[in-house]
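>>> Just to be clear, the model below is a prediction. Sequence and coordinates:
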Protein chains: 2
Amino acid sequence: MTGGGLQPGTHSRAAILAIGDEITLGQTLNTNTRWLAEKLTAAGIVPVEHVTVPDDHLALSAAIARMAGSVDLVVATGGLGPTADDLTRPALAAAMGDNLVEDKLALAQIEAWFAATGREVSPLNRVQALRPSGAITLPNLYGTAPREMTAMYEAQVLPRLGPPPDRTVRTHVLHCVGIGESDLAAQLGDLMDRGRAPVLPLVGTTASGMIVSCRVRYEGSAPPLEAEALLEQVCKQIRQKAGEYVFGEQGQTLPGAVMTLLRERSETVATVESCTGGMLASMLTEVPGSSLAFTGGLVTYADELKQTLAGVDGALLGPGPEAPGAVSREVAVAMAVGGLGRLKVNHCLAITGIAGPGGAVPAVADRQAKPVGTVYIARVSRLTGNGHGTDVRKFLFAGDRQQVREWSCRTALAMLRLHLVGAEHLRLLRQVA
Amino acid sequence: MTGGGLQPGTHSRAAILAIGDEITLGQTLNTNTRWLAEKLTAAGIVPVEHVTVPDDHLALSAAIARMAGSVDLVVATGGLGPTADDLTRPALAAAMGDNLVEDKLALAQIEAWFAATGREVSPLNRVQALRPSGAITLPNLYGTAPREMTAMYEAQVLPRLGPPPDRTVRTHVLHCVGIGESDLAAQLGDLMDRGRAPVLPLVGTTASGMIVSCRVRYEGSAPPLEAEALLEQVCKQIRQKAGEYVFGEQGQTLPGAVMTLLRERSETVATVESCTGGMLASMLTEVPGSSLAFTGGLVTYADELKQTLAGVDGALLGPGPEAPGAVSREVAVAMAVGGLGRLKVNHCLAITGIAGPGGAVPAVADRQAKPVGTVYIARVSRLTGNGHGTDVRKFLFAGDRQQVREWSCRTALAMLRLHLVGAEHLRLLRQVA
């Protein structure tokens, strides 16, 4: 919904329109709008409204007309298929007070697409070549894949955008683990003061799971190089204030950051998991090329397997009254030591805890002493001479089963990371001992 | 934004308003709106518009005024915190042409909340007790947890809703695995015909990962019992047409369904994973109470561990020219057989494959023969007498590393499920041999 030859400065404020019953009825989560919002923001165009309407001609044309009257740019997705409930074409024409015409180039593309798969274009598909006479068609070279919208935006929409020439927008993100959002905010202090804009970059924080991200954003009239220098300066200040809690930037993940550190040292890691049941190993192997630093893991869910697979001493597991039990400091360390030897690695991470609901602990008395969310995490590392170094900590995580498991795995990764960067003295979020 | 004592029939069409810069700028994915849309739909109230606006007084009050004029109910979330960018209170008052007053009950709750944590209410927090004089405050008994909105909706909003008395809405969902969405649609035939409404329930499908869900929805004038009978009849027809590809309904998950089948038989399962690196074990242990049927697993990422942990014959792994290699039918079976014996279970699932990018296969020649997405999955089960039964299949999955891994795990679960329900003859999606 934008002309072909735009001048810079014509797009300052944008609105995003998503179309489809499956979204308005709540059957499908609308991820397209968020994606477009992020891209427009990065391009220096501020999205000021998101709207979703059903597959309904009147609602759709009314939304288009209203939005086009209030912003410089409306980006719309959906309702462009060949079936009767795809109404974006006629609704756009109605909103523009225009009529639909057949776009010869678009039709040729559709015909070529069908010819390539040995089919002929049906009258139904021919509808997809229609456009309002005063509009242009953005060619779709990307078939019917789910990634269609993102590819079309990059190739067809982005080059046509004209952000204001006197506005520079630059963003950067730093990720922290092991520190709470409010503690981090206290550290950052006036870096988060909204009064800094538009002269200085603004810092905002968002927490997702136990990862807290600092989003730095400059939007003002400084030339690009100056804006980038300002951004860099703020990132440096954040790193100074947040210290070794910062593990990465931009698209980097926590497992990815840990893997990079291991690969830089040519070291390896293995895992021995109880309550997380393979999730820690799964996170490490999410990283492409993880086989260079991750050799494998044991999931010792049943206590018997803690003995047979990881070599944990049965006396530690109980049931004697003096035994620390499966969820204990001693068993976490024994699991990690067993994994270190049997999987022949430099570092081994072990997790044992109670993810809930109900937990794996039989005795009520024990369950009272070890509430749901109690998790012991051990990191054991081979020393250059003989023996090994050990770090074992107790945590009390909040939330449901899945949350306790996820926080446990990320915390284990954070413990290995602190060791690799020489910052083991740092206390981690939810650590109780 | 609704009065206290509403009559049925006052809420037919709803709009949902989300508020916050972090959403409009694309930093945060808006999941609240989808959640509310699903709940309103289930309550018989049709959401006809979703809107998100930034933390901006004028934009917010204009959106409220416009939406309140076009629907029977506006549900708004966000902008209710104590800081300067929380503008929902004054914007609502402006849209209503009203002024803000302090709500004594709300203030008492805030004071009690602070007293419980030994703090005093600051002037900043006192702002949270304000409301337009003509409005009521929905009490928040749920603190500042992330689940705040959902709990408040259930306890405070839902009981105040008045869906049309002459409209019955009933929904049900059946989940399938191992069949593609278009194949399933072909099986369902005219059950998916939109012309069935409003007399008969409509069936729609949505695919997420390799799970295809059939959403059955009745909305019409039939009395509730009749609507439920119609829904049940359609579900029966779907089960007939989709057969054993249906694994569950409503909130049931694939790992949950498999765990239920195992627990019904008092049988156990273990896992031996290469390219999925623990993800299959992690999926099984997502299920509360999984320790009753899942004992543990091996993550044999490095080839050496396939030998030492799972007992795979080194000659199968290579490097000899006759060796089938780590990604092969033979090694998948050997991994599963090894796990069955060493972890002492009734069933063992093994996965070996190439998740990409690049893959774990060293020789280029081998990589050409086994492209990214090639995965072998074996299920081995102890027989009642001696020995074991084996099912091993080859798949070619599409997508990126994460997708290949997820599809591999779900397919392994589907293979075990087919065995447990006696439908091993069924071919699974993406199966090539």
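All right, it came through fine.
>>> Give me the below-cutoff pLDDT ranges for chain A.
A:1-9, A:117, A:142-147, A:358-368 (pLDDT under 70).
>>> Run a quick neighbour tally on the nearest residue to A:Leu309 once chain neighbours are set aside.
With CB to CB, 6 or more residues apart in numbering or on different chains as the criterion, A:Leu309 has its nearest non-adjacent residue at 4.8 Å, and that residue is A:Leu298. All C-beta spots, glycine's among them, are computed from the backbone N, C-alpha and C. Using other CB atoms under 10 Å in any protein chain shown, A:Leu298 has 32 neighbouring residues.
>>> Spatially nearest residue to A:Pro223 (excluding sequence neighbours)?
A:Thr168 is the one closest to A:Pro223 (CB to CB, 6+ apart), at 6.8 Å.
>>> any idea how far the one you found is from A:Val48?
19 Å (CB to CB, to the nearest Å).
>>> can you check A:Gly277 too?
45 Å.
>>> Stretch A:53-63: which residues count as buried?
A:53-56, A:59-63 (16 or more other CB atoms under 10 Å in any protein chain shown).
>>> Same question for stretch A:347-359.
A:347-356, A:359.
>>> Next: stretch A:283-299.
Applying 16+ other CB under 10 Å to stretch A:283-299 flags A:283-288, A:290-291, A:293-299 as buried.
>>> Just the ones of the residues you listed in helices?
A:283-284 (DSSP state H).
>>> can you tell me which of the buried residues of stretch A:283-299 are in strands?
A:294-299 (DSSP state E).
>>> Need the residues you listed in a markdown table (columns: distance to B:Pro319).
What follows is these, written out as a markdown table (distance: CB to CB, whole Å):
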| residue | distance to B:Pro319 |
| --- | --- |
| A:Phe294 | 22 |
| A:Thr295 | 18 |
| A:Gly296 | 20 |
| A:Gly297 | 25 |
| A:Leu298 | 27 |
| A:Val299 | 29 |
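>>> Show me which residues of the stretch 101-250 of chain A sit near chain B.
A:194, A:204, A:206, A:215 (CB under 8 Å from any CB of the partner chain).
>>> Quickly find the element holding the third one.
Meaning A:Thr206. Applying DSSP states H and E as the criterion places A:Thr206 in strand A:202-208.
>>> How about the last one?
Per DSSP H and E, A:Arg215 falls inside strand A:211-220.
>>> Show residues contacting that strand.
A:44, A:167-177, A:179-181, A:184, A:188, A:197-207, A:227, A:230-231, A:234-235, A:238, A:242, A:254, A:410, B:27 (CB atoms under 8 Å, 6 or more residues apart in numbering or on different chains).
>>> redo that, cut-off 6 Å
A:169-177, A:181, A:184, A:198, A:201-206, A:227, A:230-231, A:234, A:238 (CB atoms under 6 Å, 6 or more residues apart in numbering or on different chains).
>>> Can you say which of those residues are buried?
Applying 16+ other CB under 10 Å to the contacts of strand A:211-220 flags A:169-177, A:184, A:201-205, A:227, A:230-231, A:234, A:238 as buried.
>>> Now, the residues you listed that are in helices?
A:184, A:227, A:230-231, A:234, A:238.
>>> what's the most distant pair in these?
A:Leu184 and A:Ala227 (24.2 Å; CB to CB).
>>> what about the strands in chain A?
A:13-19, A:46-53, A:73-77, A:100-102, A:130-132, A:168-177, A:202-208, A:211-220, A:246-249, A:269-273, A:294-300, A:347-353, A:374-382, A:388-396.
>>> one step back: how far off strand A:46-53 does the strand holding A:Arg215 point, in degrees?
120 degrees (axes from the mean of the first three to the mean of the last three CA atoms, to 10 degrees).
>>> Strand A:211-220: partners in the sheet, and parallel or antiparallel?
strand A:168-177 (antiparallel), strand A:202-208 (antiparallel) (DSSP bridges).
>>> centre of the chain versus that strand, how much separation?
15 Å (CA atoms, centre = their mean, to the nearest Å).
>>> I'd like to know how far A:Glu304 sits from chain B.
8 Å (CB to the nearest CB, to the nearest Å).
>>> ugh, typo on my part, it should be A:Val101
With CB to the nearest CB as the criterion, A:Val101 and chain B are 28 Å apart.
>>> Report how many residues lie close to that residue.
Neighbour count of A:Val101, defined by other CB under 10 Å: 14.
>>> how about it, what does it touch?
A:Ser133.
>>> is it in a bridge, and if so with what?
Beta-bridge partners of A:Val101, as defined by DSSP bridges: A:Arg131.
>>> Hmm, A:Met415 is touching A:Val380, no?
No - the pair A:Met415 / A:Val380 is not scored as a contact, 10.7 Å apart, by CB atoms under 6 Å.
>>> For A:Val375, which non-adjacent residue is closest in space?
A:Gly353 (2.9 Å).
>>> To clarify, my last question referred to A:Arg427.
Per CB to CB, 6+ apart, closest to A:Arg427 is A:Gly178, 8.0 Å.
>>> Tally up the residues packed near that neighbour, please.
25.
>>> Please apply the same query to A:Ala112.
10.
>>> ditto for the one 4 residues further on
Other residues near A:Ala116 number 9, with proximity taken as other CB under 10 Å.
>>> List the residues that contact it.
Neighbours of A:Ala116 in contact, by CB under 6 Å, 6+ apart: none.
>>> And the residue nearest to A:Glu120 when sequence neighbours are not counted, how close does it get to chain B?
Setting aside the residues directly before and after it, A:Glu120 is nearest to A:Phe114 in space (CB to CB, 6+ apart), at 6.2 Å. Distance, A:Phe114 to chain B, using CB to the nearest CB: 17 Å.
>>> before we move on, what about A:Val331?
15 Å.
>>> residues contacting that residue?
Shown in contact with A:Val331 (CB under 6 Å, 6+ apart): A:312, A:316, A:352.
>>> Leaving out the residues flanking it, which one is nearest to the last one?
The one in question is A:Thr352. A:Thr352's closest residue in space is A:Ser274 (CB to CB, 6+ apart), at 4.2 Å.
>>> cool, A:Leu340 as well?
Once flanking residues are discounted, A:Leu340 sits nearest to A:Cys348: 4.1 Å by CB to CB, 6+ apart.
>>> which residues touch that neighbour?
A:270, A:336, A:339-340, A:380.
>>> how far away is it from A:Ala378?
8 Å.
>>> what touches both of the two?
A:Ala336.
>>> Surely A:Ile354 and A:Pro371 touch.
No - A:Ile354 is beyond contact range of A:Pro371, at 7.3 Å (criterion: CB under 6 Å).
>>> My read is that A:Gly277 contacts B:Thr285, right?
Yes - taking contacts as CB under 6 Å, A:Gly277 lies within contact range of B:Thr285: 2.7 Å.
>>> Around chain B, pick out the residues from the stretch 301-433 of chain A.
A:301-302, A:305, A:357, A:360, A:401 (CB under 6 Å from any CB of the partner chain).
>>> which of these are buried?
For these, buried by 16+ other CB under 10 Å: A:301-302, A:305, A:360, A:401.
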